[in-house]
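# Structure, please.
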Amino acid sequence: MRSGKRDAACGDGEGMECEVRETELYGCMVDGETQLVGLIGHDIAYTLSPAIQNAAFRARGMNWIYVPLRVPPGEVAEALRGLRAMGFRGANVTVPHKLEAARCADELMGDASLLGAVNTLLVEGSRIIGYNTDVEGFRAFMEEEGMDIRERCVAVIGAGGAARAVALAAAREGASPIIIFNRTEERARDMAGMLKREFPSTEIWVERTGCNTGGPSFRAALVVNCTPADAGGEWLFALPLAGLEEGGWAVDLKYGAHGSAFLREASLRGARTADGGGMLVRQAAASFRLWTGEEAPLEEMRAAYAAATTAKAGEKKGKTTGDAEA
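As a prediction, this is how the structure comes out:
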């Protein structure tokens, strides 16, 4: 905690010397004028978003702070009322609350309305507006990495909110066909219907993971794992990765997932690989612009992500070592 002194009216007296205190949190100095934003989630101990967003605020010299907000399932409406009451400018939303937040927002804009899922909230007076920056985040990430998917096949594993955002970004970049791999065919067909309504000329295929024992009938330029599955989930990845073209891309949306079973298998097949960190930083930058009206400092955000990922890996290693010694 840092403190300073200034002349001010204090209590009943005038011109008395008062102590003014500022608290340091996430490397930011917090006082009575600090603007608040946060992350609404449930199991959010893993999150690196505070490190990324607070690095951006420091880089821009802004008196803002981003804090994690743990919210139990079913309490999102209460949480949104709390944002308004406590003067928050907005918040990000992560699993499992993206669909519930979309239902609770006063208005949905753009991709949030299309997907029925919200990852960014903006407080405008008494109204809370829902946005989805995941689509733009993945599109910008593909552009940054030089992924050319126009008129080429993209395979998406999963049919949840993240998978829908990835598939929508791929369709906008001209990918065709787009193949949806999912354990439950009904959910995959619902996702396919959403894409077909928006892009009627794009080929959309649905495959049920683990059911096709034959070889792949496609060659994909990009395969994206949008599920939390890793070790033990290789059966989910077998067919999609078998169809990955030589020199194609494999992306695991879990950030810090460079050693995941999915990416290890993809590397063995000669693929170029990436985790979800690039998308995370890009969607964080889009949220930053919505809240502040300013361009995000991408280099500082990338550096913060890299440092936080390294620190998390060190914590995990230290915990494992400690348990072994005990």
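# Strands of the stretch 51-200 of the chain, start to end?
With DSSP state E, counting those that start in this stretch as the criterion, the stretch 51-200 of the chain has strands at 64-70, 88-93, 107-108, 120-124, 127-131, 153-157, 178-182.
# and of those strands, who's closest to Cys28?
When those are compared by Cβ to Cβ, strand 64-70 sits nearest Cys28, at 4.8 Å. C-beta: built from backbone N, CA, C; applies to glycine.
# what sits against the residue nearest the centre of the chain?
For the chain, the residue nearest the mean C-alpha position is Leu280 (4.6 Å; Cα atoms, centre = their mean). Counting by Cβ atoms under 8 Å, 6 or more residues apart in numbering, Leu280 touches Leu48, Ser49, Ile52, Gly137, Tyr255, Tyr305.
# now with 7 Å?
Tyr255, Tyr305 (Cβ atoms under 7 Å, 6 or more residues apart in numbering).
# what secondary structure does it sit in?
helix (DSSP: H, G, I helix; E, B strand; the rest coil).
# any idea how far it lies from Glu124?
25 Å (Cβ to Cβ, to the nearest Å).
# ok, now Gly87?
In terms of Cβ to Cβ, Gly87 sits 13 Å off from Glu124.
# what's the answer for Thr34, then?
Counting by Cβ to Cβ - Thr34 and Glu124 are separated by 20 Å.
# next one: Phe218
Distance from Phe218 to Glu124, by Cβ to Cβ: 45 Å.
# Between these two, which has more neighbouring residues?
Phe218 (17 against 11; other Cβ atoms under 10 Å).
# Name the SS class of that one, please.
coil.
# what distance separates stretch 266-280 from the centre of its chain?
16 Å (Cα atoms, centre = their mean, to the nearest Å).
# What are the buried residues along that stretch?
Ala266, Ala271, Thr273, Ala274, Asp275, Gly276, Gly277, Gly278, Met279, Leu280 (16 or more other Cβ atoms under 10 Å).
# Look up how far Arg264 lies from the residue nearest to Gly256 when sequence neighbours are not counted.
In this structure, Gly256 finds its nearest non-sequential neighbour in Thr309, 4.9 Å apart by Cβ to Cβ, 6 or more residues apart in numbering. Applying Cβ to Cβ, the value for Thr309 to Arg264 is 18 Å.
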